[in-house]
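Trainee: based on what follows, work out the 3D shape:
(one chain, ligands or ions: 1)
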Amino acid sequence: MIRSYSNFPLRKLHTFGTEASTKYYFEFTESEDLEGFLATNKDWPNQQLLIIGSGSNLLFVNDFPGLIINPNIPGIKIVHEDRNNIWLEVGAGVVWDELVEYAVFNRWGGIENLSLIPGKVGAAAVQNIGAYGMEIQNQIETVTGFNLETLTENILESTDCQFAYRDSIFKNELKNSFIITSVVFKLDKFPEYILNYGDLKSETEKLGSINLRNIRKAVIGIRESKLPDPKIFGNAGSFFKNPVIEEVQATQLLNIYPNMPHYSAPENRMKLAAGWLIEQCGWKGFRRGDAGVHEKQALVLVNYGNATGKEIFELSEEIRLSVQDKFGVELEREVISLP
Ligand code: EPU
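Mentor: The predicted model follows:
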């Protein structure tokens, strides 16, 4: 199936739910559709490009002046299986949480902690989604997609994807030039549960025995208690990344703020909790017009109804500056802001 439009409204295509439109929009469900589109629309290389899934990590500050491509490819297929593992090839357009539900139902482990993360499978790889001690890079075997520079299909091994914290080659070198069509995940038939983040273990135990189904239920419970449902209030999850700073600076801050959450990171660095830093600056629950900071998780900015992308962006800049002023720590956006 193909959907191709000009001057297309974006409000329903991104989870912040602000008003914006795109000059061109193209959505497809089979790789061949994309090749056909590129062959017949010769002007595409002159357009600014944006590849989207369900738009759960985007903020449109203005109308988008170019071409948005949405690879909405369905399908979950078992490609290989042995005693311990199963390999699934999953279309880029599959809703991420539907894949988690399917895996947990079949008792295949490796992605249960990533329950209820919004978005689709293609974006999960781009963003290297993570939560509760798990990151998707550990289960990804290969990523297949269409390279717009060479106009060929390429398969990347996980080790070639330059995965890092909320980062990958698809956000850097291959940004907007590689359209992911499917991802192969390797799941475990005898999984080792990862329960050492926050209160995940105790929340799971409250549900009875520790198994994939209860871990998924516990994660969903924790997320629902802290994070706003984008269907009710527009948002894009964590707006900023958790900052990673030098250990020396972290130690100085800990002398002043001994309760500051901190986690060790590679190369003598420390990861801080952006949500905590923002809360300390007094922003939690702040609201101006319809743009605000979530009352239960300060890392999430919210559109309470009719906020504009510009209002949310301006609020995020004020937050960034105040954290810089109070702590000398620079916050980097996790959300992609356009243009
Ligand atoms: N905290 C505060 N105030 C707040 C928010 C958090 O003091 O308003 C403190 C918490 O008490 C805790 C620490 O900060 O000590 C960490 O908070 P939390 O466990 O809620 O996780 P997070 O670091 O704020 C990250 C991810 C989330 C992911 C959770 C759980 C990033 C940018 N965010 O949030 O991912 O769900 O951990 O693993 O890494 C997302 O990327 O969109 C996202 C929601």
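Trainee: is the residue of the stretch 101-250 of the chain found nearest the ligand in a helix, a strand, or coil?
Mentor: The nearest approach of the stretch 101-250 of the chain to the ligand comes at G237, 2.5 Å away (CB to the nearest ligand atom). Where C-beta positions appear, they are placed from N, C-alpha and C, glycine not excepted. Applying DSSP: H, G, I helix; E, B strand; the rest coil to G237 yields a three-state assignment of strand.
Trainee: ok, now which ones touch it?
Mentor: S56, N57, I117, P118, L227, V300, E334, V335 (CB atoms under 8 Å, 6 or more residues apart in numbering).
Trainee: before we move on, what's the pLDDT of the residue nearest to the last one when sequence neighbours are not counted?
Mentor: Sequence neighbours aside, A236 is the residue nearest to V335 in space, at 4.7 Å (criterion: CB to CB, 6 or more residues apart in numbering). Here, the pLDDT recorded for A236 equals 97.
Trainee: just L338 next, same as before
Mentor: pLDDT for L338: 89.
Trainee: now E32
Mentor: We have a pLDDT of 89 for E32.
Trainee: which parts of the protein sit against the ligand?
Mentor: Neighbours of the ligand within the chain, by CB under 6 Å from any ligand atom: 131-132, 197-198, 226, 237-238, 241-242, 261, 273, 275-276, 279, 284, 297-299, 334.
Trainee: where does pLDDT dip in this protein?
Mentor: The model of the chain has no residue with pLDDT under 70.
Trainee: how is it divided into domains?
Mentor: 2-71, 76-224, 229-338 (automatic domain parsing).
Trainee: off-centre distance for stretch 286-300?
Mentor: The chain centre lies 19 Å from the centre of stretch 286-300; the measure is CA atoms, centre = their mean, to the nearest Å.
Trainee: quick one: the helices in the stretch 101-250 of the chain, in order.
Mentor: Secondary structure of the stretch 101-250 of the chain (DSSP state H, counting those that start in this stretch): helices at 121-127, 200-205, 212-226, 247-256.
Trainee: L321: which of those helices is closest?
Mentor: Using CB to CB as the measure, helix 247-256 is the one of the helices of the stretch 101-250 of the chain that comes nearest L321, at 17.7 Å.
Trainee: next structured bit after that closest one?
Mentor: From helix 247-256 onward toward the C-terminus, using DSSP states H and E, the following helix or strand is strand 262-265.
Trainee: contacts for that next one?
Mentor: Residues contacting strand 262-265 (CB under 8 Å, 6+ apart): V244, A250, L254, M270, K271, L272, A273.
Trainee: so how do I select the buried members of those in ChimeraX?
Mentor: The buried subset of these, as determined by 16 or more other CB atoms under 10 Å, is captured in ChimeraX by this line:
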select :244,250,270,271,272,273
